[in-house]
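Asker: Give me a model of this one.
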Amino acid sequence: MKKAIDVHAHILPQGFVDLIKRDKRFLADFVEKDDGTKFIKFNGGFIHPYNPAAVDPQVRLEHMDNTNIKYQALSVSPRLFYYYAPAEVANEVAYTCNNEIFSAVNKYKDFIGMATVPLQDVDLAVKELRRVKKELNFNSIEIGSEVNEKNLSDPYFFPFFEEAANNDIFIFIHPLAVGSIPLMEDYDLGPILGHPFCTTAAIANLILSGIFDKIPNLKIGLSHAGGYLPYQLGRLEHGFKVMKKTSKHSKRSPLEYVKENVYFDTITHSKESLELLVKVIGIDNLILGTDYPLYMLEADPVTRIEELGLDQEQRDKVLYKNACQLFKIQY
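Answerer: Alright, predicted model coming up:
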């Protein structure tokens, strides 16, 4: 019997594709090559594939069946956050994508809605948050690891996080594309090593800012197993103890906030890394993820969990029970 919930999967809404085809304000082009390959090319050169896995629900459902996934949370790729664009453009993209995800959730009961918001304008972001909660009944929102060189811990974003907590909305952090950094360029290390770093820095900034003291019921999820945080948590704890600047805002040690407020998906690509994640973070804070349908996909996540030697209750928490609580799903 399928039980697993995939909290980290991406969709390319057709409504967004229609937007860029008809309006240059959206800073992207739909490209179809002679060999039939289709993709979206964003200003700046970033490419998003347009293929059945990204756009066809039936292909997605077949993959879920083959990997024992019962429910999948649908979120856009970070390319579609549009933080770099004018706020009104990003808002239209968010509105369009959220509505299309809502349609998929309504049509196929196997999907869960995870919204996006134009976070470069906190007032618009809060407005869209309220709309997706009230009108679309979404209980989760995906955001980037930073917004136009502003850390998520910047006071500018506090009203957004406060509103999310007030509406019992789970916030899932996904890293953005790593820019031109010489260390990352020769071997395309941006998505491999840069993404985990961005996630690590984002949650460390939030923890050390004291936001969880001010909003104790805020729930944050981290993609890609929390980046390097589980493996360098001891270093963060030590820095908190010995460096004044690191500890000037938060009242308790980083580990305490991690245990109470932070959740980690299981995308590690390694049994040994996943075992360490379980040991350091604990079963109650883990949620299954795949990164479907992108090339860094965790291909068989349920089997990887089952190979850990957990007891039935522990397995069920990671596979679906923890996610049920966060997404308000009745099993």
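Asker: hmm, what's the outermost residue in the chain?
Answerer: Note on the chain: the largest C-alpha distance from the chain mean falls to residue 34, namely 34.1 Å (CA atoms, centre = their mean).
Asker: and that one, what pLDDT?
Answerer: Predicted confidence (pLDDT) for residue 34: 89.
Asker: Same check on residue 180?
Answerer: 65.
Asker: and for the lengthiest helix in the chain, what are the contacting residues?
Answerer: Secondary structure assigned by DSSP state H gives helix 87-107 as the longest helix of the chain. Residues outside helix 87-107 that contact it (CB atoms under 8 Å, 6 or more residues apart in numbering) are 11, 13-16, 19, 25-27, 57, 74-76, 80-83, 85, 111-118, 120-121, 124, 128, 131-132, 136, 138. In short, each C-beta sits where N, CA and C put it, glycine included.
Asker: how does it look with 7 Å?
Answerer: 11, 13-16, 19, 25-26, 57, 74, 76, 80, 82-83, 111-113, 115-118, 120-121, 124, 128, 132, 136 (CB atoms under 7 Å, 6 or more residues apart in numbering).
Asker: Selection in ChimeraX covering whichever of those are buried, please.
Answerer: Command for ChimeraX, covering only those of those found buried under the criterion 16 or more other CB atoms under 10 Å:
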select :11,13,15,16,19,26,74,76,80,82,83,111,112,113,115,116,117,118,120,121,124,128,132,136
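Asker: coming back round to it: what mean pLDDT does the longest helix of the chain get?
Answerer: 98.
Asker: Next: stretch 210-230.
Answerer: 98.
Asker: Which members of the contacts of helix 87-107 occur in helices, if any?
Answerer: Judged by DSSP H, the subset of the contacts of helix 87-107 located in helices is 14, 15, 16, 19, 57, 124, 128, 132.
Asker: Could I get those in a markdown table, plus columns for pLDDT and distance to residue 168?
Answerer: As requested, the ones in helices among the contacts of helix 87-107 are exported to a markdown table (pLDDT from 0 to 100; distance: CB to CB, whole Å):
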| residue | pLDDT | distance to residue 168 |
| --- | --- | --- |
| 14 | 95 | 30 |
| 15 | 95 | 27 |
| 16 | 96 | 27 |
| 19 | 95 | 31 |
| 57 | 96 | 28 |
| 124 | 99 | 21 |
| 128 | 99 | 17 |
| 132 | 99 | 13 |
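Asker: Redo these as CSV? Include distance to residue 309.
Answerer: Shown next, in CSV, are the ones in helices among the contacts of helix 87-107 (distance: CB to CB, whole Å):
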residue, distance to residue 309
14, 43
15, 44
16, 42
19, 48
57, 35
124, 47
128, 43
132, 39
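Asker: ok, so of those residues, who is nearest residue 331?
Answerer: Taking CB to CB as the measure, residue 331 sits nearest to residue 57 out of the ones in helices among the contacts of helix 87-107, at 21.9 Å.
Asker: The closest residue to the closest one other than its chain neighbours: how many residues sit nearby?
Answerer: Closest residue in space to residue 57, ignoring its immediate chain neighbours: residue 108 at 5.6 Å, by CB to CB, 6 or more residues apart in numbering. If you count neighbours by other CB atoms under 10 Å, residue 108 ends up with 14.
Asker: got a list of what residue 259 touches?
Answerer: 282, 285 are the contacts of residue 259 under CB under 7 Å, 6+ apart.
Asker: where does it fall, phi/psi-wise?
Answerer: phi -70, psi -30 (degrees, to the nearest 10).
Asker: biggest separation within the ones in helices among the contacts of helix 87-107, which pair?
Answerer: 57 and 124 (28.8 Å).
Asker: and residue 298, which of the three is it?
Answerer: Classification of residue 298 by DSSP: H, G, I helix; E, B strand; the rest coil places it in coil.
Asker: start at 162 instead
Answerer: Done: numbering now begins at 162, and the last item shifts to residue 459.
Asker: Phi and psi next, for it.
Answerer: Per degrees, to the nearest 10, the backbone of residue 459 is at phi -90, psi 100.
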